[in-house]
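*Asks:* the following block contains a protein sequence and its predicted model.
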Amino acid sequence: MNEFCKKWELDPTKLPIHVGIIMDGNGRWANSRHLPRIMGHKKGVERVREITEMSGSLGIKALSLYAFSDENWKRPEEEVGGLMTLLRSYVQTDRERLISNNVCFRMIGDRTRLPVDVQTVVVNLERDTSHLTGLKLNVALSYGGRSEIVRAMQKLAQRVAVGDLKPELICAADVENALDTVGLPSVDLLVRTSGECRVSNFLLWQIAYAEMAFESVAWPDFDSAEFARVLREYTSRERRYGLTSAQIKSGKRGSF
């Protein structure tokens with residue numbers, strides 16, 4: 001057994017392959033401590049490092065983190081500017097840490113809306129880690145599930161327009177290959193911190209059969225012990241994909 005799985009009392013054969021996390025509660029965490037909201041985001045970055053390293057150590061294959069949504073552009077200009085500065089700093093300072101941990105970094109979302117300097121450091125990190133074979137770390141920036149699906153439909157429409165694809169032959173695999181997460185498996189476990197019970201437009205296609213975990217703890221307090229607790233609870237669930245419990249126990253599986 002993986003020594004990290006043993007440490008956290010986790011069965012490695014039952015762990016999720018792909019985990020998505022809506023990292024909620026940074027601002028409220030700071031407000032409750034009478035701190036500037038940006039301090040909550042800075043503390044949140046520490047948790048990103050911790051949970052990323054733990055995921056890789058446990059053998060989880062993909063981790064998708066919701067860092068900045070389409071709607072977050074509507075926040076106060078000062079906060080948005082601070083988040084972009086924090087993002088740029090994370091990408092630059094964590095480059096060697098990610099490489100040493102064999103982490104492949106990818107941004108998902110509409111990168112054209114990001115400041116040019118942020119776009120540059122993101123592209124450079126993607127390039128520098130593209131060959132790595134460990135954890136796939138996907139950071140959702142300027143991201144919305146609906147807009148991602150719209151972009152995917154536009155790509156498919158372009159293929160139809162040039163005669164490369166017949167509309168009646170479009171299948172789920174074609175859609176998946178046009179999404180930002182192309183090449184990744186569907187999400188097995190979706191976690192949201194800070195007590196909110198909604199998915200907030202995150203990976204709408206990819207979470208179709210995901211198990212959900214809505215946690216009351218704010219993201220800055222979501223440490224390794226909290227993550228291990230959520231994973232243990234996940235491993236106790238029976239994922240049926242529309243089948244009966246008896247079918248699952250007999251070894252019959254659907255294709256999802």
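*Replies:* Happy to help now that I have it.

*Asks:* could you use CA atoms for every contact and neighbour count after this?
*Replies:* Fine.

*Asks:* mind listing what the closest residue to residue 92 other than its chain neighbours touches?
*Replies:* Among residues not flanking residue 92 along the chain, residue 121 sits closest, at 6.8 Å (Cα to Cα, 6 or more residues apart in numbering). For residue 121, the contact set (Cα atoms under 8 Å, 6 or more residues apart in numbering) comprises 88, 91-92.

*Asks:* surely residue 121 is within a helix?
*Replies:* Yes. The assignment for residue 121 by DSSP: H, G, I helix; E, B strand; the rest coil puts it in a helix.

*Asks:* against residue 72, how distant is it?
*Replies:* According to Cα to Cα, to the nearest Å, residue 121 and residue 72 sit 21 Å apart.

*Asks:* just give me the closest of the contacts of residue 121 to residue 224.
*Replies:* Ranked by distance to residue 224 (Cα to Cα), the contacts of residue 121 are led by residue 91 at 21.7 Å.

*Asks:* so that closest one sits in a helix?
*Replies:* Yes. With three-state DSSP as the criterion, residue 91 is part of a helix.

*Asks:* do I have it right that it meets residue 123?
*Replies:* No. Applying Cα atoms under 8 Å as the test, residue 91 and residue 123 come out as separate, 10.0 Å apart.

*Asks:* so these two - more neighbours on which side?
*Replies:* Higher neighbour count among residue 91 and residue 123: residue 91, with 19 against 15, using other Cα atoms under 10 Å.

*Asks:* pLDDT and distance to residue 32 added to the contacts of residue 121, as JSON lines?
*Replies:* As requested, those are exported to JSON lines (pLDDT from 0 to 100; distance: Cα to Cα, whole Å):
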{"residue": "88", "pLDDT": "94", "distance to residue 32": "26"}
{"residue": "91", "pLDDT": "91", "distance to residue 32": "28"}
{"residue": "92", "pLDDT": "91", "distance to residue 32": "30"}
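
*Asks:* which stretches in this protein count as strands?
*Replies:* Using DSSP state E, the strands found in the chain span residues 18-22, 62-69, 104-108, 136-143, 189-192, 211-214.
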